[in-house]
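# Test case, fold it:
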Amino acid sequence: MKALVYDGVETLGYRDVAKASPNEGEHLIRIEASGICGSDMHAYLGHDNRRPAPLILGHEAAGIIESGPEAGRRVTINPLVTCRRCKACAMGRENLCTQRQIISMPPREGAFAQYVAMPDSNLVTVPDGVPLAKAALTEPLAVSWHAVRLALEALHQNMDRSALVLGGGAIGLAAALALRAMGVEDVTVLEPNETRRRFLAERCGQVVTHEGKSPAPIVIDAVGYATTRAMASQLAMPGGVIAHVGLGEDSGGLDIRRMTLQEITFIGTYTYTAQDFRDTAQAIFDGRLGALDWFETRAMSGGAQAFRDLRAGTVAAPKIMLDPWS
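I've put the predicted structure just below:
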């Protein structure tokens, strides 16, 4: 099969590799669309020692079961494979499973390939009327769905429901969409890139700004750099909530004194539970997250150039989706 392989820092190769082979209880899935995530970019830049070269990256994907009794079933893929037996899994917090694996990290190759093998429990059936490229957005949307759900659960019930999202990439946009789907109408996205701001406003219908805003009860940091954590610390209202979902850099930025004196809740959020993933998929199928027509599709054979363009900041769309068959 053909695959886009991470060979080293800022180096990707498109070539033939051994075809994915399913283990017992797994399906072979023909990938129809696979999105480029920020974590793929971190690996590409050599910033993620969890993803050593050579490795097939990619974990935002949808496709069709290739063979067996369920051949032809259209599915979106939850890339988080868990033990389903530990306390975290028993509590429905599978994202905290100590034995969790995710495709695009050893020992599981990723979905920037024509085929991938996945357990049946990680697959959600996609209705015939939903394009598989749109269904492939379930994974990044679920990341933000999870973060927003935790933020709303932590927010005092008497506080106003308004939010500020830091970052207008896919995760930031997804957070804005999830907030509105969960009843928060007053949402502003803070994004410094003018090209992306224009895209978010014109194509995605978002309220976008490049400057600081008045404090908000909910702040979603969808970037995760010291500068955005500093902003989140200052822009969260007293008694408010910061949901930190970005993984830009490891430390710095938080104003712990202000957060302590103002009783600001800080929540680190990682991926999603299996229920969050299913709920997000259903929200997509029901149209509750909007048209979801804001991604750009490119051939996987040109994936290396897509990464270079993302690196250069010349891509307006929040998401690039790769087609393994072109």
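# Could you check the host helix or strand of Asp7 and say which residues are buried?
Element membership for Asp7, per DSSP states H and E: strand 2-8. Residues of strand 2-8 classed as buried: 2-6 (neighbour count, 16 or more other Cβ atoms under 10 Å). Just so you know, the C-beta spots here come from the backbone N, C-alpha and C atoms, and that holds for glycine as well.
# Kindly report the same for stretch 43-59.
43-44, 48, 51, 53, 55-59.
# returning to that earlier point: any chance of a markdown table for the buried residues of strand 2-8, columns pLDDT and distance to Leu141?
Output for the buried residues of strand 2-8, formatted as a markdown table (pLDDT from 0 to 100; distance: Cβ to Cβ, whole Å):
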| residue | pLDDT | distance to Leu141 |
| --- | --- | --- |
| Lys2 | 98 | 27 |
| Ala3 | 98 | 25 |
| Leu4 | 98 | 23 |
| Val5 | 98 | 27 |
| Tyr6 | 98 | 24 |
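# can you pull out the strands in the stretch 151-300 of the chain?
Ranges of strands within the stretch 151-300 of the chain are 162-166, 186-190, 208-209, 216-221, 236-244, 265-268, 295-299, based on DSSP state E, counting those that start in this stretch.
# list the buried ones in the longest helix seen in the chain?
When secondary structure is assigned using DSSP state H, the longest helix within the chain turns out to be helix 138-154. Residues 138-152 are the ones in helix 138-154 that count as buried (16+ other Cβ under 10 Å).
# any idea where the helices of the stretch 151-300 of the chain begin and end?
Secondary structure of the stretch 151-300 of the chain (DSSP state H, counting those that start in this stretch): helices located at 170-181, 194-204, 226-235, 256-261, 274-286.
# about what we covered before: quick check: angle from the longest helix of the chain to strand 162-166?
140 degrees (axes from the mean of the first three to the mean of the last three Cα atoms, to 10 degrees).
# Cross-check the contact I'm expecting between Ile171 and Trp145.
No. Counting by Cβ atoms under 8 Å, Ile171 stays clear of Trp145, with 10.6 Å between them.
# Distance-wise, check the residue located most distally from the centre of the chain relative to Arg74.
What lies farthest from the middle of the chain is Leu261; by Cα atoms, centre = their mean that is 32.4 Å. Per Cβ to Cβ, to the nearest Å, Leu261 is found 52 Å from Arg74.
# which residues does the closest residue to Phe199 other than its chain neighbours contact?
Residue nearest to Phe199 in three dimensions, not counting chain neighbours: Ala316, with 4.2 Å by Cβ to Cβ, 6 or more residues apart in numbering. Neighbouring residues of Ala316 by Cβ atoms under 8 Å, 6 or more residues apart in numbering: 195-196, 198-199.
# if I look at Leu289, how far off is Ala136?
13 Å.
# These two: who's more crowded?
More crowded of Leu289 and Ala136, by other Cβ atoms under 10 Å: Ala136, with 27 against 22.
# can you tell which of the helices of the stretch 151-300 of the chain is closest to Ala243?
Closest approach to Ala243 among the helices of the stretch 151-300 of the chain (Cβ to Cβ): helix 170-181, 8.0 Å.
# Give me the angle between the closest one and strand 162-166.
170 degrees.
# Keeping just the C-alphas, turn helix 170-181 into CSV.
The C-alpha coordinates for helix 170-181 follow below in CSV (Å, rounded to 0.1, in the frame of the first residue of the first chain):
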residue,chain,number,x,y,z
ALA,A,170,-9.2,23.2,13.8
ILE,A,171,-9.3,22.6,17.6
GLY,A,172,-10.2,26.3,18.3
LEU,A,173,-12.9,26.3,15.6
ALA,A,174,-14.2,23.0,16.9
ALA,A,175,-14.4,24.4,20.4
ALA,A,176,-16.5,27.3,19.2
LEU,A,177,-18.8,24.9,17.4
ALA,A,178,-19.1,22.6,20.4
LEU,A,179,-19.8,25.6,22.7
ARG,A,180,-22.7,26.7,20.5
ALA,A,181,-24.0,23.1,20.2
